[in-house]
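Novice: Compute the structure for the input listed below.
(2 chains)
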Amino acid sequence: EVQLVESGGGLVQPGRSLKLSCAASGFTFSNYGMHWIRQAPTKGLEWVASISPSGGSTYYRDSVKGRFTISRDNAKSTLYLQMDSLRSEDTATYYCATEVGDYWGQGVMVTVSS
Amino acid sequence: DVLMTQTPVSLPVSLGGQVSISCRSSQSLVHNNGNTYLSWYIQKPSQSPQLLIYKVSNRFSGISDRFSGSGSGTDFTLKISRVEPDDLGVYYCGQGTQYPYTFGAGTKLELK
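Specialist: As a prediction, the model looks like this:
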């Protein structure tokens, strides 16, 4: 059974950092690209970043470019999102999802507030 | 960025009925490789989104044949027949043809 389990969320002050993790199991993690997608409270879905199976290629939405870093450890079957210089508009539930969007984690809440 | 316009915003339905949701993109979603990366998702209350349809018309594993996707280029439709209580929620279309990936604003399927 495919499982994606996010962790690392919480309440953080503007300008501070947070690192999300997504532990994958039930499939060959190293064969698939991965995404981070977020959803602000009561809002729709917003793609954040993607990474290729090897980790050699990464892609970001403009609003997080230079602040967020997506990475992966294929030996640990884990996806990461390092979030620096956080802003209030980054407040959302963050989901990790597989390449085709066929599997999503349960989501982790990130709240940026003073 | 590719703008995804979903209509309607709200869709009242009777159980057993049939509904259609429209999704239009501001640019063609045909990728250089010939595939069209248009997907449909449902998000039930307090749950993560779930994939229903990928590449326009392919049902994901375990998805009922009551769900069907169609369309091409910039114009796509999701049809749901014989609506059941478990079908209620917010439906999103999403494109994975070009970065940044984008989603429609959602259509809330609710009981009349």
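
Novice: measure the residue positioned nearest the centre of chain A to chain B for me?
Specialist: By C-alpha atoms, centre = their mean, chain A has its centre lying nearest to A:Trp36, at 3.5 Å. Computed as C-beta to the nearest C-beta, to the nearest Å, the A:Trp36 to chain B distance reads 11 Å. From N, CA and C alone the C-beta is placed, and that goes for glycine too.

Novice: In space, what's closest to that residue - neighbours in sequence excluded?
Specialist: Of all residues not flanking A:Trp36 in the chain, A:Val48 sits nearest, at 4.3 Å (C-beta to C-beta, 6 or more residues apart in numbering or on different chains).

Novice: The residue nearest the centre of chain B: helix or strand, and which one exactly?
Specialist: The residue lying closest to the centre of chain B (C-alpha atoms, centre = their mean) is B:Trp40, at 3.1 Å. Assigned by DSSP states H and E, B:Trp40 falls within strand B:38-43.

Novice: Given whichever helix or strand comes after that strand, what are its sheet partners and their directions?
Specialist: Using DSSP H and E, the helix or strand that follows strand B:38-43 in sequence is strand B:50-54. Sheet pairing here is set by DSSP bridges, and for strand B:50-54 it gives strand B:38-43 (antiparallel), strand B:58-59 (antiparallel).

Novice: okay, now the residue nearest to A:Ala49 when sequence neighbours are not counted: neighbour count?
Specialist: Closest residue in space to A:Ala49, ignoring its immediate chain neighbours: A:Ile70 at 4.1 Å, by C-beta to C-beta, 6+ apart. Per other C-beta atoms under 10 Å in any protein chain shown, the neighbour tally for A:Ile70 reads 22.

Novice: Could you give the bridge partners of A:Ile70?
Specialist: A:Leu81.

Novice: tell me the phi and psi of A:Ala97?
Specialist: phi -150, psi 150 (degrees, to the nearest 10).

Novice: who are the neighbours in contact with residue 20?
Specialist: In the absence of a named chain, this looks at chain A. A:Glu6, A:Ser7, A:Gly8, A:Gly9, A:Trp36, A:Tyr80, A:Leu81, A:Met83, A:Tyr94, A:Cys96, A:Val108, A:Val110 (C-beta atoms under 8 Å, 6 or more residues apart in numbering or on different chains).

Novice: Switch to chain B, please.
Specialist: B:Thr77, B:Leu78, B:Lys79, B:Ile80.

Novice: Show me which residues of chain B are close to chain A?
Specialist: B:39, B:41, B:43, B:48-51, B:54, B:60-61, B:92, B:94, B:96, B:99-106 (C-beta under 8 Å from any C-beta of the partner chain).

Novice: Find me the pLDDT at the nearest residue to A:Asp102 once chain neighbours are set aside, would you?
Specialist: Spatial nearest neighbour of A:Asp102, excluding adjacent residues (C-beta to C-beta, 6+ apart): B:Leu51 at 4.9 Å. At B:Leu51, the model reports a pLDDT of 97.

Novice: Am I right that B:Leu51 is in contact with A:Thr98?
Specialist: No: in terms of C-beta atoms under 8 Å, B:Leu51 does not count as a neighbour of A:Thr98; the distance is 9.2 Å.

Novice: and stretch A:2-14, average pLDDT?
Specialist: Mean predicted lDDT for stretch A:2-14 stands at 98.
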